[in-house]
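> Fold the following and give me the result.
(chains A and B)
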Protein chains: 2
Amino acid sequence: MIQIDFNKMGGLIPAIIQDYQNGEVLMVAFMDEKTLNLTLETGKTWFFSRSRNKYWMKGEESGNTQEVMEVLTDCDADTVVIKVKQNGPAACHTGNRSCFYVKWENGQWVEHSKPLFDPAQVYKK
Amino acid sequence: MIQIDFNKMGGLIPAIIQDYQNGEVLMVAFMDEKTLNLTLETGKTWFFSRSRNKYWMKGEESGNTQEVMEVLTDCDADTVVIKVKQNGPAACHTGNRSCFYVKWENGQWVEHSKPLFDPAQVYKK
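The predicted structure is shown next:
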């Protein structure tokens, strides 16, 4: 029986969140065993925040939750790909559809930020 | 100027390798600063193996190298998405096109392995 290996990164695995329709990688975050189980049980994405040291559900503040459509793991079961239906306009806290709006171009990182909402309005805390 | 943050995971960042044509996530591996730079400079994907504690170029043994088409980082610059042209039939050492051939179905992980090559023939060491 396949079991997820949480030991390689001190209890965490990377979770790649992908738009189930067009395959765009929306964000990468981390899950521990509890938040992976919450994700599988509730059908919404839950993560462990390394910087804030807490559990969080994507969209709990912004309303931009993610509906789990498909969950995959890899050949050594130490990471997951989660295909989601993104609710609201965008996944990134900056207002961009995807967190991956920074591109390597001619030897440097170039931002291609096109926010779909105003973070100051959405995150009021 | 944006710089990649290697400090959150002891010098490593997750690298999500995505088929540049259909968006399929082929594999997830780790890069340190040296292998990210090698990847950007050579146009082939290089990784740091946590289990073998060494640098490796994808395809160095199998011939199934990856041509870098686009490199993206995210809003906090602590992970990269690399869109590649996969050479050879498959990215995974099991012979599967993608490493993510294990799916969560009815409360368990189910393998959907369809190898496109025989690992015993390709990895002879």
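> In space, what's closest to residue A:99 - neighbours in sequence excluded?
residue B:74 (3.9 Å; C-beta to C-beta, 6 or more residues apart in numbering or on different chains). To be clear about C-beta, it is placed using only N, CA and C from the backbone, and glycine gets the same treatment.
> OK, contacts around residue A:45?
Neighbouring residues of residue A:45 by C-beta atoms under 8 Å, 6 or more residues apart in numbering or on different chains: A:15, A:17, A:29, A:39, A:57, A:58, A:65, A:66, A:68, A:82, A:84.
> same question, residue A:83
So residue A:83 contacts A:18, A:19, A:20, A:68, A:69, A:70, A:71, A:72 (C-beta under 8 Å, 6+ apart).
> Dihedrals phi and psi, residue A:119?
Torsion angles at residue A:119 (phi, psi; degrees, to the nearest 10) stand at phi -50, psi -30.
> from what I can see it touches residue A:90, true?
No: between residue A:119 and residue A:90 there is no contact under C-beta atoms under 8 Å: 9.7 Å.
> between those two, which one's more packed in?
residue A:90 (21 against 15; other C-beta atoms under 10 Å in any protein chain shown).
> State which one residue of chain A is found closest to chain B.
Proximity of chain A to chain B (C-beta to the nearest C-beta) peaks at residue A:23, 2.6 Å away.
> pretty sure that residue is touching residue B:26, no?
No: taking C-beta under 8 Å as the definition, residue A:23 is not a contact partner of residue B:26, at 11.7 Å.
> shaky segments in chain A?
A:125 (pLDDT under 70).
> got the residues of it near chain B?
A:1-4, A:8-9, A:14, A:16, A:18, A:22-25, A:27-28, A:40, A:50, A:70-77, A:79, A:81, A:92-94, A:96, A:99-104, A:108-109, A:111 (C-beta under 8 Å from any C-beta of the partner chain).
> Mark which of the residues you listed are part of helices, please.
Judged by DSSP state H, the residues of chain A next to chain B include residue A:40 as members of helices.
> one step back: mind checking which of the contacts of residue A:83 are buried?
For the contacts of residue A:83, a burial check counting by 16 or more other C-beta atoms under 10 Å in any protein chain shown picks out A:18, A:19, A:20, A:68, A:71, A:72.
> What's opposite the second one in the beta bridge?
Taking DSSP bridges, one obtains residue A:84 as the residues bridged to residue A:19.
> before we move on, back to that, residue A:46: which of the contacts of residue A:83 is nearest?
residue A:68 (10.0 Å; C-beta to C-beta).
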